[in-house]
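Asks: sharing a model prediction with you, sequence too.
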Number of protein chains: 2
Amino acid sequence: MAECQRFVVDCPSRLLFDQLADKWSMMVLAVLDPGPMRFNSIKRHLEGVTQKALTQCLRRLERNGLLTRRVIPASPVAVEYEISPLGRSLQVPFKALYNWTVVNLDQVEEARQEFDQRLAA
Amino acid sequence: MAECQRFVVDCPSRLLFDQLADKWSMMVLAVLDPGPMRFNSIKRHLEGVTQKALTQCLRRLERNGLLTRRVIPASPVAVEYEISPLGRSLQVPFKALYNWTVVNLDQVEEARQEFDQRLAA
DNA sequence: CTGCATCCATTTCGATACTG
DNA sequence: CAGTATCGAAATGGATGCAG
């Protein structure tokens, strides 16, 4: 971060950051925290997610090695998703960021109201 | 995170997370780390950002109390952006996340190649 | 049950032109 | 210099239908 004078849009770390910081990834990892879970179960735990969005999110997480996908041969077929060790290690900074939002939400809300009032004036 | 059984899309922390995890916010905070900076200077430090995107990003960061905007009366006018104490506190978890990407980039890259090869097969 | 393909509405984004 | 406004292009998002 501090080591560059100029920040390039296709910095590898930035590109990776983008893949992690999307709408659902953090919540999927949170949902999977207790243990493996099946597709529809994950979906039920995430209010507002569509099948398409969840599928894409799971694919991306799988591709980046953050979780594993296991097909259980049965009928109907079952698919289980589980956090990988790499995904577990990512939970640490994610939780730190999540905690920051919880701790500072009030302060942010204050700032917003102040800002919006200045605009109205 | 662990305290909810069901994750709702409009959870306040999630909404705040969205405002922080966009394409440029983290990099803007990184650029402003050494000290206050003017609009065009920030823009020059961020390769690939458009004026519109940067303006929107700075507005959002300002509204959320993460940085302050100071107009210096002169001609032509100058505007200086500076990280607020709240913004400084956010840098901590941001840097943790950034460090994670740096440390694990290779491992992610391996996972990607493995995934892509499985697809091709 | 899981997930892909398609279509269409919505949103976002970049480029350009213009203002104080 | 630091924006705002506008417009078309592009990406995204949800809903639906279908398949293994």
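Replies: Now that the structure is in, tell me what you want to look at. Numbers count the residues shown, from 1 in each chain, chains lettered A, B, ... in the order given.

Asks: wait, A:I83 touches A:E62, no?
Replies: No: the pair A:I83 / A:E62 is not scored as a contact, 10.9 Å apart, by Cβ atoms under 8 Å. All C-beta spots, glycine's among them, are computed from the backbone N, C-alpha and C.

Asks: of those two, who's got more company?
Replies: A:I83 (24 against 17; other Cβ atoms under 10 Å in any protein chain shown).

Asks: report the spatially closest residue to the more buried one, excluding sequence-adjacent ones.
Replies: Nearest residue to A:I83, sequence neighbours excluded (Cβ to Cβ, 6 or more residues apart in numbering or on different chains): A:L32, at 4.9 Å.

Asks: phi, psi of that neighbour?
Replies: phi -80, psi 0 (degrees, to the nearest 10).

Asks: what's near enough to touch it?
Replies: A:42, A:67, A:81-83, A:87 (Cβ atoms under 8 Å, 6 or more residues apart in numbering or on different chains).

Asks: can you tell me the element the residue of chain A found nearest DNA strand C falls in?
Replies: Of all residues in chain A, the one sitting closest to DNA strand C is A:N40 (2.9 Å; Cβ to the nearest atom of the strand). Per DSSP states H and E: A:N40 is located in helix A:39-45.

Asks: so which bits of that helix are buried?
Replies: The neighbour-count check on helix A:39-45 (16 or more other Cβ atoms under 10 Å in any protein chain shown) flags A:39, A:42-43, A:45 as buried.

Asks: next one: stretch A:52-67
Replies: A:54, A:57-58, A:60-67.

Asks: could you do stretch A:105-121 as well?
Replies: Applying 16+ other Cβ under 10 Å to stretch A:105-121 flags A:108, A:111, A:115 as buried.

Asks: does any bit of it sit next to DNA strand D?
Replies: No: using Cβ under 7 Å from any atom of the strand, stretch A:105-121 stays clear of DNA strand D, with a minimum separation of 9.8 Å.

Asks: can you name the element that comes right after the strand or helix carrying A:R59?
Replies: Element membership of A:R59, judged by DSSP H and E, is helix A:51-63. Once the chain leaves helix A:51-63, the next helix or strand it forms, by DSSP H and E, is strand A:67-72.

Asks: following the worst-scoring helix or strand of chain A on mean pLDDT, which helix or strand shows up next?
Replies: Sorting the helices and strands of chain A by mean pLDDT, DSSP states H and E puts strand A:7-8 at the bottom, at a mean of 68. Sequence-wise, the next helix or strand downstream of strand A:7-8 (DSSP H and E) is helix A:12-20.

Asks: and chain A, which residues reach DNA strand D?
Replies: Residues of chain A lying near DNA strand D (Cβ under 7 Å from any atom of the strand): A:23, A:48, A:50-53, A:76-77.

Asks: now that we have these, which of them are buried?
Replies: So, by 16+ other Cβ under 10 Å, the buried ones in the residues of chain A next to DNA strand D are A:K23.

Asks: just flag the most distant two among the residues of chain A next to DNA strand D.
Replies: A:K23 and A:P76 (28.2 Å; Cβ to Cβ).

Asks: which residues of chain A score low on pLDDT?
Replies: Across chain A, the ranges flagged by pLDDT under 70 are A:1-6, A:8-10.

Asks: this completes my enquiry, with thanks.
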